[in-house]
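Chemist: A predicted structure for the sequence below; I have some questions about it.
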Amino acid sequence: MNRPATIEDVARVAGVSRQTVSNVINAPHIVRETTRTRVEDAIRRLGYAPHASARRLRTRRSSTIGVHLDPYAGGISGVVLDRFVHALTEHAGERGLRVMLYAARSPEEEIRRMSDLRDGGDIDAVVLTGTFPGDPRAEWLIDRGVPFVSFGRPWGADDLGAPAHHWVDVDGASGTAQATAHALRTAGPRVAFLGWPAGSATGDDRERGWRETLPTDAVAPRLVSRESVAEARDAAAAAFAEQLPDAIVCASDSLAVGAHLAAVAAGCPRLPIIGFDNTPAVEALGLPSVEQLPEEVAAGTLDLLMGEGSSITQAAALPHRAHVLVTPRLVVR
């Protein structure tokens with residue numbers, strides 16, 4: 001077939017009516033499973049792509065996902081969110097959806113932006129980023145029945161067993177556990193951790209992986225720095241002045257770069273330092289790092305928003321699962 005496949009072609013190959021094919025595309029829950037499977041198989045075989053514009057007009061839905069664009073703050077580790085948004089946009093396009101980016105400087109301003117976009121029919125769903133305990137954005141979306149998934153767990157009492165909302169996240173504790181185990185095997189027992197001040201949900205989770213992997217009798221310092229290369233360098237330098245650790249596991253690549261600069265200044269350029277994010281900066285320095293796999297996070301986000309269908313679904317109507325926890329991998333250099 002030299003021309004693009006049409007809905008009529010799919011109906012003919014599947015042995016059903018044109019309306020049945022339309023139902024499978026737009027309301028798969030009303031079609032019997034055997035029929036739906038047959039139609040979906042014909043769609044795949046023919047490479048049929050529903051016309052997104054026509055579907056939007058027919059369903060009066062925008063087929064658009066709103067995503068908050070964080071303010072530019074410089075630094076190293078922000079590239080992870082950029083990769084996530086790029087992957088989400090790419091995968092959404094393959095499913096006939098669009099992504100709309102919007103900016104806001106506070107949770108309250110973001111709620112106003114989401115309200116305007118929803119009331120104007122510009123978005124059907126939202127992907128939250130930068131979650132934190134008691135996040136008012138999630139509460140606002142839940143109260144109004146807006147389908148959403150967050151990149152980042154709710155950080156509640158039982159995110160795994162009974163999460164407050166659907167989420168996708170990277171298992172930070174698993175990542176730092178891999179890094180710590182590698183450092184213990186290859187460097188020695190005194191593996192330090194350089195992390196953010198206590199109280200950061202993500203940072204505390206990454207610290208937990210380090211603590212739980214250390215031997216019970218290990219004596220290893222916990223170093224503190226904000227997300228700053230310069231502060232991390234100073235924190236590491238102060239620790240080196242007392243005693244040089246065998247290795248350092250860091251909560252981010254920014255902190256790893258700072259620790260590496262301190263090690264070079266102390267005459268120990270080969271001190272094992274492991275970052276978290278696997279950004280081009282640590283790759284250029286030859287430092288190992290934990291890869292978050294944001295492409296898998298993006299795929300999991302869309303799976304939760306769409307279920308097994310081809311359109312955005314109200315989150316409460318998805319019984320199959322409520323979260324996706326992506327296991328990162330350690331990249332050794």
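Modeler: Looks like it came in fine.

Chemist: from residue 323, how far out is residue 29?
Modeler: Separation of residue 29 from residue 323 (CB to CB, to the nearest Å): 22 Å. For glycine as for every other residue, the C-beta is placed from the backbone atoms N, C-alpha and C.

Chemist: more neighbours: which of these two?
Modeler: Neighbours were tallied for residue 29 and for residue 323 using other CB atoms under 10 Å; the higher tally belongs to residue 323 (19 against 11).

Chemist: against residue 220, how distant is the more buried one?
Modeler: Applying CB to CB to residue 323 and residue 220 gives a distance of 32 Å.

Chemist: which residues does residue 210 contact?
Modeler: Contact analysis of residue 210 by CB atoms under 8 Å, 6 or more residues apart in numbering lists 176, 177, 179, 180, 191, 193, 249.

Chemist: same thing with residue 194?
Modeler: 223-225, 232, 235-236, 248-251, 255-256, 258-259.

Chemist: can you pick out the most distant pair from those residues?
Modeler: The two members of the contacts of residue 194 with the most space between them (CB to CB) are 224 and 256, at 14.7 Å.

Chemist: so between these two, which is more surrounded?
Modeler: Per other CB under 10 Å, whichever of residue 224 and residue 256 has more neighbours is residue 256, with 32 against 16.

Chemist: now that one: closest residue in space, sequence neighbours ignored.
Modeler: Once flanking residues are discounted, residue 256 sits nearest to residue 275: 3.2 Å by CB to CB, 6 or more residues apart in numbering.

Chemist: check for me that the one you found belongs to a strand.
Modeler: Yes: Residue 275 sits within a strand when classified using DSSP: H, G, I helix; E, B strand; the rest coil.

Chemist: the domain parsing of this structure - what is it?
Modeler: 1-44, 64-169+295-326, 172-291 (automatic domain parsing).

Chemist: most tightly packed of those?
Modeler: Highest mean neighbour count among the domains of the chain (mean count of other CB atoms under 10 Å): domain 172-291, with a mean of 20.

Chemist: now that domain: mean pLDDT?
Modeler: In this model, domain 172-291 carries a mean pLDDT of 96.

Chemist: off-centre distance for that domain?
Modeler: 22 Å (CA atoms, centre = their mean, to the nearest Å).

Chemist: list the beta-bridge partners for residue 326.
Modeler: residue 170 (DSSP bridges).

Chemist: identify the residues contacting it.
Modeler: 168, 169, 170, 171, 292, 293, 296, 297, 300.

Chemist: who are the packing partners of the strand or helix carrying residue 238?
Modeler: Element membership for residue 238, per DSSP states H and E: helix 229-242. Packing partners of helix 229-242 (3 or more CB pairs under 8 Å, 6 or more residues apart in numbering; DSSP states H and E): strand 191-195, strand 222-224, helix 253-265.

Chemist: rewinding a little: so which of the contacts of residue 326 comes closest to residue 89?
Modeler: Once CB to CB is applied, the member of the contacts of residue 326 that ends up nearest residue 89 is residue 297, at 13.2 Å.

Chemist: count the neighbours of residue 49 for me.
Modeler: 12.

Chemist: secondary structure class for it?
Modeler: Here residue 49 is recorded as coil under three-state DSSP.

Chemist: that one and residue 94: what is the separation?
Modeler: Distance from residue 49 to residue 94, counting by CB to CB: 9 Å.

Chemist: now do the shared contacts for these two.
Modeler: In contact with both residue 49 and residue 94: no residue, using CB under 8 Å, 6+ apart.

Chemist: so residue 125 bridges to which residues?
Modeler: residue 65.

Chemist: in contact with it: list those residues for me.
Modeler: 64, 65, 66, 146, 147, 148, 149, 305, 312.

Chemist: if you set the cut-off to 6 Å instead, what comes out?
Modeler: Applying CB atoms under 6 Å, 6 or more residues apart in numbering to residue 125 gives the contacts 65, 147, 148, 305, 312.

Chemist: okay if I get the residues you listed as CSV plus secondary structure?
Modeler: Shown next, in CSV, are these (three-state DSSP):
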residue, secondary structure
65, strand
147, coil
148, strand
305, helix
312, coil
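
Chemist: now the two most distant members of the residues you listed.
Modeler: Taking CB to CB, no two of the contacts of residue 125 sit farther apart than 148 and 312, at 9.9 Å.

Chemist: from residue 156, how far out is residue 134?
Modeler: In terms of CB to CB, residue 134 sits 9 Å off from residue 156.

Chemist: out of the contacts of residue 210, which sit inside helices?
Modeler: Among those, the members found in helices (DSSP state H) are 176, 177, 179, 180.

Chemist: any chance of these in JSON lines, plus distance to residue 34?
Modeler: Below are those laid out as JSON lines (distance: CB to CB, whole Å):
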{"residue": "176", "distance to residue 34": "47"}
{"residue": "177", "distance to residue 34": "45"}
{"residue": "179", "distance to residue 34": "48"}
{"residue": "180", "distance to residue 34": "50"}
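
Chemist: pick out the most distant pair among these.
Modeler: Between any two of these, the greatest separation by CB to CB is 7.3 Å, found for 177 and 179.
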